[in-house]
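Participant: Got a predicted structure here, sequence first:
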Amino acid sequence: MKIKHTLIALTLICSAALSAEAELGQFKSYQAPIEQAETRIAFIDMSEFSLKWLATNQQYLINQKIPVMIINGTEQDAKKLGQQYNGLLVGPAPQPDLYLNLFLQQLTVSKYPAVVESGVIWQSKDASQ
């Protein structure tokens, strides 16, 4: 009986984490949780929207040495982008997706492409940031 309750609890935890999965979408910026003030990472996927965003922001990401994680990406995708944008720190998201979803939930990232930097989560960087 105890095992059954444990399995049910794990299923509920996993379901909650999976429901926090980020999606492709647009936003400007918002504050990150205070405990994430030192986190620096960007999230993209291989969609046309994300790749256009990366082309626009790649020099900033390279200059600031902000690593880029490819959601649903592969090592080949990362290698291709690394060759295309010399100096870009890029890699695929961890597997299984549960790890990525928990990380995104902790950072409060719900849409991508996104950059988490200096306590702000942004897609469109303005002069005030």
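Facilitator: Cool, got the structure.

Participant: What is the three-state secondary structure of the most centrally placed residue in the chain?
Facilitator: To find the centre residue of the chain, average its C-alpha atoms and take the closest one (Cα atoms, centre = their mean): that gives F43, at 3.2 Å. F43 carries the three-state label strand when classified by DSSP: H, G, I helix; E, B strand; the rest coil.

Participant: That one and W53: what is the separation?
Facilitator: 11 Å (Cβ to Cβ, to the nearest Å). (Each C-beta comes from the backbone N, C-alpha and C, glycine too.)

Participant: any common contacting residues for these two?
Facilitator: With contacts defined as Cβ atoms under 8 Å, 6 or more residues apart in numbering, the residues shared by F43 and W53 are P113.

Participant: about what we covered before: how many other residues sit next to the spatially closest residue to the residue nearest to the centre of the chain that is not a sequence neighbour?
Facilitator: Once flanking residues are discounted, F43 sits nearest to Y112: 4.3 Å by Cβ to Cβ, 6 or more residues apart in numbering. By other Cβ atoms under 10 Å, the residues close to Y112 number 25.

Participant: And the strands in this protein?
Facilitator: In the chain, the segments counted as strands under DSSP state E are 23-24, 29-31, 41-44, 68-70, 90-92, 111-112, 114-117, 120-122.

Participant: Make TSV out of these and add distance to Y60.
Facilitator: Listed next are the strands of the chain as TSV, based on distance: least, Cβ to Cβ, whole Å:
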stretch	distance to Y60
strand 23-24	20
strand 29-31	14
strand 41-44	10
strand 68-70	11
strand 90-92	14
strand 111-112	16
strand 114-117	8
strand 120-122	11
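
Participant: Tell me if I'm right that the residue nearest to F43 and F49 touch.
Facilitator: No. Under the criterion of Cβ atoms under 8 Å, Y112 is not in contact with F49, lying 9.3 Å apart.

Participant: Which stretches in this protein count as helices?
Facilitator: Using DSSP state H, the helices assigned to the chain run over residues 2-19, 48-63, 75-84, 97-107.

Participant: ok so, going back, Serialize the strands of the chain to CSV and add fields for mean pLDDT and distance to Q76.
Facilitator: Listed next are the strands of the chain as CSV, based on pLDDT from 0 to 100; distance: least, Cβ to Cβ, whole Å:
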stretch, mean pLDDT, distance to Q76
strand 23-24, 76, 20
strand 29-31, 75, 31
strand 41-44, 97, 15
strand 68-70, 97, 10
strand 90-92, 96, 9
strand 111-112, 92, 20
strand 114-117, 95, 23
strand 120-122, 92, 28
